[in-house]
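*Asks:* kindly return the folded structure for what I paste below:
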Amino acid sequence: MTEIRELAEAFLVFNQQAEILHASHARLEAEVARLNEELSQKNKLLARRERLALLGEMAAGVAHEIRNPLGGIHLYADLLGRSLPGDGGGADLLDKLKGGIRHLNRIVEDLLLYTREIEIRPARCRLDHVLEEALAYARPDLEAAGIRLVRELSDPPPAIEADSSLLVRVVLNLVKNSIQASPPGAEVRVAAAGLPGGGARLEVADAGRGIDPAALEKIFHPFFTGRPGGTGLGLSICHRIVDAHGGAIDVESEVGIGSLFRGDLPPTPAPARSGTDRLSRRNAVREGTHA
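*Replies:* Just a heads-up that it's a prediction; the model follows:
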């Protein structure tokens, strides 16, 4: 009887150890799978950064080549305007020519901003002031499109250490993007609120046409745009500015329902790091970016 009892106890111990080994093996397999997935994502991120670096070099060269003759064209247009009467078809055509030059100059400026390293000059700033300045610039576009604007601010308004001029550009680009995606008379919501533990969140939401799921993968990529006449740089610049502050930008969208862009900013800018780009939390999982 004693031998049978000892044998049974031995079998019990063996089965317990086998279960422990099986569970340990399963955990190791899961960890290996996780590490392989992480390595795959890092390889995609590295490849993406290399592509962006090459694109940046090409864009910078093109922008510099365009800027000089563009300045000359603008000068000649001004000289021509002095010799034309103040009314008539010639003056109207000249105004259209100058408008085209200004549009091209904005594209060149966006190219140069995208291709150079973004240097932030942080100072204490209130996000309600950032919103007001950005919306003042956007007001002509809002009125021309008949867009209703809704502001949502926490009380007290959030304040962080940041480069306010760059944040104004982020809000302005996001608002303009929402205007272009919205039908006349639609609503665009702009919000700013503090985050637990410090930092702040900026949101711009619209009830426009939304973004196709396939396009969401590329939404912050430079030169990607789903809009005729778009440069594909506005959202990419927003991504770089938020990234330079050590924050993250993301988008949620549904076709026919609208889009929500969300930028989370730390209380103070993160220390400068090598490289010019960092994926947002969502894009760290799936290689992506909007324009």
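*Asks:* where does residue 209 land in three-state SS?
*Replies:* Here residue 209 takes the coil state, with states given by DSSP: H, G, I helix; E, B strand; the rest coil.
*Asks:* number of residues surrounding residue 51?
*Replies:* Residue 51 is flanked by 12 other residues according to other Cβ atoms under 10 Å. For every residue, glycine as well, the C-beta is placed using N, CA and C.
*Asks:* now swap in residue 220 and tell me
*Replies:* Using other Cβ under 10 Å, residue 220 is surrounded by 28 other residues.
*Asks:* ramachandran coordinates for it?
*Replies:* phi -100, psi 10 (degrees, to the nearest 10).
*Asks:* with residue 180 as the reference, measure out to it.
*Replies:* Per Cβ to Cβ, to the nearest Å, residue 220 is found 16 Å from residue 180.
*Asks:* what of residue 186?
*Replies:* Distance, residue 186 to residue 180, using Cβ to Cβ: 11 Å.
*Asks:* and stretch 77-87, C-alpha only, in CSV?
*Replies:* Extracted C-alpha coordinates of stretch 77-87, given in CSV (Å, rounded to 0.1, in the frame of the first residue of the first chain):
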residue,chain,number,x,y,z
ALA,A,77,4.0,91.3,-61.5
ASP,A,78,4.4,94.3,-59.1
LEU,A,79,6.2,96.3,-61.8
LEU,A,80,3.6,95.4,-64.3
GLY,A,81,0.8,96.5,-61.9
ARG,A,82,2.3,100.0,-61.7
SER,A,83,1.9,100.4,-65.4
LEU,A,84,-1.7,99.2,-65.7
PRO,A,85,-4.8,101.3,-65.0
GLY,A,86,-6.6,100.7,-61.8
ASP,A,87,-9.6,99.2,-63.6
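*Asks:* list the contacts of that stretch.
*Replies:* Stretch 77-87 has contacts (Cβ atoms under 8 Å, 6 or more residues apart in numbering) with 90, 91, 94, 97, 98, 101.
*Asks:* immediately after the longest helix belonging to the chain, which helix or strand?
*Replies:* Longest helix in the chain by number of residues (criterion: DSSP state H): helix 2-83. Using DSSP states H and E, the helix or strand that follows helix 2-83 towards the C-terminus is helix 89-115.
*Asks:* which strands and helices sit next to that following helix?
*Replies:* Applying 3 or more Cβ pairs under 8 Å, 6 or more residues apart in numbering; DSSP states H and E, we find helix 89-115 packed against helix 2-83, helix 234-244.
*Asks:* out of those, nearest to residue 251?
*Replies:* The minimum distance between residue 251 and the helices and strands packed on helix 89-115 falls on helix 234-244, with 8.3 Å, by Cβ to Cβ.
*Asks:* let me see the mean pLDDT of that closest one.
*Replies:* Mean pLDDT, helix 234-244: 89.
*Asks:* give the buried residues for the next helix or strand after it.
*Replies:* Reading on from helix 234-244 to the C-terminus, the next helix or strand found by DSSP H and E is strand 248-254. Buried residues in strand 248-254, counting neighbours by 16 or more other Cβ atoms under 10 Å, are found at 248, 249, 250, 251, 253.
*Asks:* pick the one among these closest to residue 206.
*Replies:* Of all the buried residues of strand 248-254, residue 206 sits closest to residue 253, with 9.5 Å by Cβ to Cβ.
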